[in-house]
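S.K.: Build the 3D model from these lines:
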Amino acid sequence: MTQFSNQPTEPLPRGSYPALLTAFHENHAIDWQGVEQLTDYAIDNGSAGMFAAGLSAEINFMTDEEKVSLVRHIVQYTAGRVPIVGCAITTGPLTTQAELIRQVNATGVDAVAISVCQLANKDEDDQAWVRNCQTLLQQTPERIALAVYECPAPYHRLLSEETIAWIARTGRFCFLKDTCCRAEVIRTRLEIIRGSRLKLYNANTATLLDSLEAGASGFCGIGANYAPELYAWLCREFQNRPKLAAELHQYLADCVRLTEGSSYPVSAKEYLRQHGLQLDRFSRKRPPDLSGDLLAGLNSMQLADSVWKARILG
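M.R.: From the prediction side, this is the model:
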């Protein structure tokens with residue numbers, strides 16, 4: 001059996017970690033009150049933690065200073081209610097990446113996430129990726145708990161089995177946001193990291209239940225922005241109520257065509273507006289306009305979600 005560094009085996013709780021949105025005003029300034037509403041919504045509906053300043057937060061349209069400010073605000077407002085994984089995703093040399101990691105860590109997050117694709121160019125092999133990651137680890141204090149995120153932009157780089165094994169052996173990483181979207185690959189990955197500090201959180205709804213049954217620690221994806229309580233319940237109760245969990249999982253998978261379409265994240269903000277949050281639909285990524293068909297679909301999903309909440313939450 002592979003020997004791993006003597007690190008805590010469960011540094012973060014199991015469960016659902018919504019990939020938090022960022023609220024904006026019409027002038028595209030960050031709406032801090034809206035950010036606080038999104039934070040409360042995730043916590044009040046059972047989320048085990050939060051994944052801050054990831055792709056859903058529109059960080060590709062932020063400066064590094066804004067990313068740090070966003071994470072700091074969320075950490076301070078959360079005030080320890082749940083753990084926060086804060087992203088340090090940036091371009092540029094490894095020294096710039098290391099500095100952003102230190103700055104995000106200084107906000108008080110529980111772990112700092114780096115993007116897989118920021119450590120190597122698309123045409124570079126895994127050996128280059130590992131060399132760059134080794135350098136990054138040398139440039140950041142060992143006390144900083146790290147997460148690794150298979151971010152799909154600017155290009156989607158998946159970790160090989162050998163690289164995942166190497167990451168686990170370092171003892172520096174505690175959280176893997178998995179975006180491979182393949183149940184058989186996830187099962188293999190879970191075997192590779194078994195007994196290590198590294199835990200897998202699946203970002204893909206379609207394979208979520210299978211991954212939980214195989215030993216994944218939870219969910220970290222888009223769907224939890226819409227219905228955090230449903231994802232939290234599934235992660236918590238899938239073993240206790242397997243039949244109902246299977247039905248709920250099928251429902252959530254059927255909703256993906258609405259929740260993860262080209263209109264995201266504007267569609268998610270509209271859905272939350274329908275749910276009572278005082279948010280604008282404004283986004284730095286795309287215009288706030290939505291089609292009539294999509295609005296009708298979100299309204300229908302709102303009603304269906306209410307039925308599901310009644311079934312599982314009483």
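S.K.: which stretches of the stretch 1-150 of the chain form strands?
M.R.: 15-16, 50-52, 84-87, 111-115, 146-149 (DSSP state E, counting those that start in this stretch).
S.K.: possible to save the ones you listed as TSV with distance to Q250 and mean neighbour count?
M.R.: C-beta coordinates here come from the backbone N, C-alpha and C atoms, glycine included. Output for these, formatted as TSV (distance: least, CB to CB, whole Å; neighbours: other CB atoms under 10 Å):
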stretch	distance to Q250	mean neighbour count
strand 15-16	17	26
strand 50-52	24	30
strand 84-87	28	28
strand 111-115	30	25
strand 146-149	27	25
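S.K.: Can you add distance to D289 and mean pLDDT and give those back as JSON lines?
M.R.: Listed next are these as JSON lines, based on distance: least, CB to CB, whole Å; pLDDT from 0 to 100:
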{"stretch": "strand 15-16", "distance to D289": "30", "mean pLDDT": "98"}
{"stretch": "strand 50-52", "distance to D289": "27", "mean pLDDT": "98"}
{"stretch": "strand 84-87", "distance to D289": "28", "mean pLDDT": "98"}
{"stretch": "strand 111-115", "distance to D289": "30", "mean pLDDT": "98"}
{"stretch": "strand 146-149", "distance to D289": "30", "mean pLDDT": "98"}
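S.K.: Let me know which of the ones you listed is the nearest to S263.
M.R.: strand 50-52 (21.0 Å; CB to CB).
S.K.: Packing partners of that closest one?
M.R.: helix 32-44, helix 64-78, strand 84-87 (3 or more CB pairs under 8 Å, 6 or more residues apart in numbering; DSSP states H and E).
S.K.: How far off centre is that strand?
M.R.: Chain-centre distance of strand 50-52: 6 Å, with CA atoms, centre = their mean, to the nearest Å.
S.K.: which residue packs closest to Q278, ignoring adjacent ones?
M.R.: Q37 (6.5 Å; CB to CB, 6 or more residues apart in numbering).
S.K.: who touches the one you found in this structure?
M.R.: Contact analysis of Q37 by CB atoms under 8 Å, 6 or more residues apart in numbering lists 23, 277-279.
S.K.: Need the per-residue pLDDT for it.
M.R.: pLDDT recorded at Q37 is 98.
S.K.: same check, this time on the one 4 residues further on
M.R.: As predicted, Y41 sits at a pLDDT of 98.
S.K.: ok, now P11?
M.R.: For P11, the predicted pLDDT is 71.
S.K.: ok, now N6?
M.R.: 45.
S.K.: Which positions in the lengthiest helix in the chain come out as buried?
M.R.: For the chain, the longest helix by residue count, based on DSSP state H, is helix 292-313. Within helix 292-313, the residues scored as buried using 16 or more other CB atoms under 10 Å are 294, 297-298, 301, 305, 308, 312.
S.K.: ok, the contacts of Q37 vs A53, which is closest?
M.R.: Nearest member of the contacts of Q37 to A53, counting by CB to CB, is A23, at 13.4 Å.
S.K.: ok, the closest one touching A29?
M.R.: No - in this structure, A23 is not within contact of A29 by CB atoms under 8 Å, at 10.1 Å.
S.K.: So which of those two has more stuff around it?
M.R.: A23 (24 against 10; other CB atoms under 10 Å).
S.K.: Spatially nearest residue to the more buried one, not counting backbone neighbours?
M.R.: G34 (2.5 Å).
S.K.: Contacts only, for that neighbour.
M.R.: Residues counted as contacts of G34 (CB under 8 Å, 6+ apart) are 23-24, 277-280.
S.K.: likewise I59?
M.R.: Applying CB under 8 Å, 6+ apart, the residues near I59 are 53, 67, 87, 89.
S.K.: Could you give the bridge partners of the third one?
M.R.: On the basis of DSSP bridges, C87 is bridged to A113.
S.K.: Against L313, how distant is it?
M.R.: Shown here: C87 relative to L313, a distance of 30 Å by CB to CB, to the nearest Å.
S.K.: what stretches of the stretch 101-250 of the chain score poorly on pLDDT?
M.R.: Within the stretch 101-250 of the chain, no range satisfies pLDDT under 70.
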